[in-house]
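**Student:** Provide a 3D model corresponding to the input given below.
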Amino acid sequence: MAKVLIIGAGLGGMPAAYEIREELDKTHEVILINESPKFKFVPSNPWIAVGWREADEVSFDAEPYLAKKNIGFIAERVTKIDPDANQITLASGDSIDYDYLVITTGPKLAWGNIPGAGPDGFTQSVCTLEHAEKSYVNFKELVENPGPVIVGAFQGASCFGPAYEYALILDKALKDHKVRHKVPMTYVTSEPYIGHLGLGGVGDSKAMLESELRSKDIKWICNASVKEVQDGKFQVEEFNQNKEVERTHEVPFKHAMMIPPFSGVDPVASVEGLCNPKGFVLIDEYQRNPKWANIYSAGVCVAIPPVEDTPVPTGTPKTGYMIESMVTAIAHNIAADLKGEKPYAKATWNAICLADMGNTGIAFVAMPQIPPRNVTWFKKGKWVHLAKIGFEKYFMNKMKSGTSEPIYEKYILKLFGIEKLEN
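**Tutor:** Predicted coordinates:
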């Protein structure tokens, strides 16, 4: 009998538990470990931050639903991984042996890279449910006492969609409260241009997102490196194509929401040979670590190089569909290994995204995610806003049902009316 441990119960970990359980026979044990007892649907966090959702609408206790599928669950933080001993240690001091380890922890939010940044500093976040709830408190203060707003992504960030989402959702929320005319907004981003998205742009993303920000009277600063966040103001350096500081800006704010740079979580990043210098898990084409072949990883915590060199560092995002594809490959490859067969399943790294913008939305497809691409597609419409709402309910219901089917792919296939996604 083999024991499979999965660390992290987010958008990668929960589906991984269900898919691996489905692929393995009942003689094998599958255990999911997560610091929180709850599954939390992270894509809804921008709605939480303006009061459009409550926490219990986008989260639920994971254990009862996992138990129905014969999946063990431990709500405790992992403090150490010992790959040579095939063992992890929990915060309680207990140790658990494993035959296979699947790392789907997501990232550590590296606020410390920018002085004054983060919820413990002067900026807000939508990266976690708890951060989004705290940001909502600050949003309500903004409504009562309007002033300048900054939204965007710090240097080194690798997730840009939620920043654009939040900027445009915030615009709509402030209009709903009839104070938008009192709130100057500036979008500050490490991207070399609006709509880069860490992907080198997708289709008409540059023109469409520039137009969207301009029509909402949102100014922007690109190639931006935030030197320091002080109480009520950003100190920003704007770089040129030669990677030289071209201008400096002092940008005031009453409310600021910025996506931070990511790094690997401490117990993962501290394992020598497991990760790259930033703490992201090194994987081969089968999602396995090259040094320890019984360790797999998927999601934001895996190491992927930037799409291109930019004046200010920008990372490559890992979208939901891409994560789902990694998870499926892991499930098949663990099953193959248990049968004495060679791994064969590879993830299809396509970017398919639905981004809400308040009362409309944008959808884009980049296949494959990293250029050169066979497909690039970028569209805007009210239908995307409705599709994003529908997907929230669809994903939450599927997580409660214990499905092992590919959730993103099935929803996208239905949405776009196609039979199969191909590179």
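
**Student:** Find me the pLDDT at Asp231, would you?
**Tutor:** We have a pLDDT of 97 for Asp231.

**Student:** Which residues are in contact with it?
**Tutor:** By Cβ atoms under 8 Å, 6 or more residues apart in numbering, Asp231 lies in contact with 116, 122. Placement of C-beta: from N, CA and C, glycine included.

**Student:** State the distance from Tyr296 to Ala329.
**Tutor:** As judged by Cβ to Cβ, to the nearest Å, Tyr296 and Ala329 stand 9 Å apart.

**Student:** Just confirm Ala355 is within a strand.
**Tutor:** Yes: under DSSP: H, G, I helix; E, B strand; the rest coil, Ala355 falls within a strand.

**Student:** Looks like it contacts Lys388 (just checking).
**Tutor:** Yes: shown here, Ala355 and Lys388 form a contact pair, counting by Cβ atoms under 8 Å, at 7.3 Å.

**Student:** returning to what we had before: neighbour count: Tyr296 and Ala329, which is higher?
**Tutor:** Higher neighbour count among Tyr296 and Ala329: Tyr296, with 32 against 24, using other Cβ atoms under 10 Å.

**Student:** Go ahead and list the helix or strand containing that one.
**Tutor:** strand 295-297 (DSSP states H and E).

**Student:** picking that back up, between Tyr296 and Ala329, which contacts overlap?
**Tutor:** Common contact partners of Tyr296 and Ala329 (Cβ under 8 Å, 6+ apart): Gln287.

**Student:** Return the distance of the helix or strand encompassing Val226 from the chain's centre.
**Tutor:** Per DSSP H and E: Val226 is located in strand 224-230. Mean-position distance between strand 224-230 and its chain equals 23 Å (Cα atoms, centre = their mean, to the nearest Å).

**Student:** mind listing what that strand pairs with, with the direction of each?
**Tutor:** strand 233-239 (antiparallel) (DSSP bridges).

**Student:** neighbouring contacts of the partner strand?
**Tutor:** So strand 233-239 is in contact with 150, 188, 221-229, 245-253, 256, 311-312, going by Cβ under 8 Å, 6+ apart.

**Student:** Could you tell me which residues touch both of Ala355 and Lys388?
**Tutor:** Contacts common to Ala355 and Lys388, judged by Cβ under 8 Å, 6+ apart, are Gly361.

**Student:** Could you pull up the residues touching Gly72?
**Tutor:** So Gly72 contacts 29-32, 66 (Cβ under 8 Å, 6+ apart).

**Student:** These in strands, which ones?
**Tutor:** 29-32 (DSSP state E).

**Student:** quick one on the thing from earlier: and the next helix or strand past the strand holding Tyr296?
**Tutor:** Next along from strand 295-297, by DSSP H and E: helix 320-338.

**Student:** Quickly list the domain ranges of the chain.
**Tutor:** For the chain, automatic domain parsing gives the domain ranges 3-108+263-348, 111-261.

**Student:** okay if I get those as a markdown table plus distance to Thr360?
**Tutor:** Converted to a markdown table, the domains of the chain look like this (distance: least, Cβ to Cβ, whole Å):
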| stretch | distance to Thr360 |
| --- | --- |
| domain 3-108+263-348 | 14 |
| domain 111-261 | 8 |
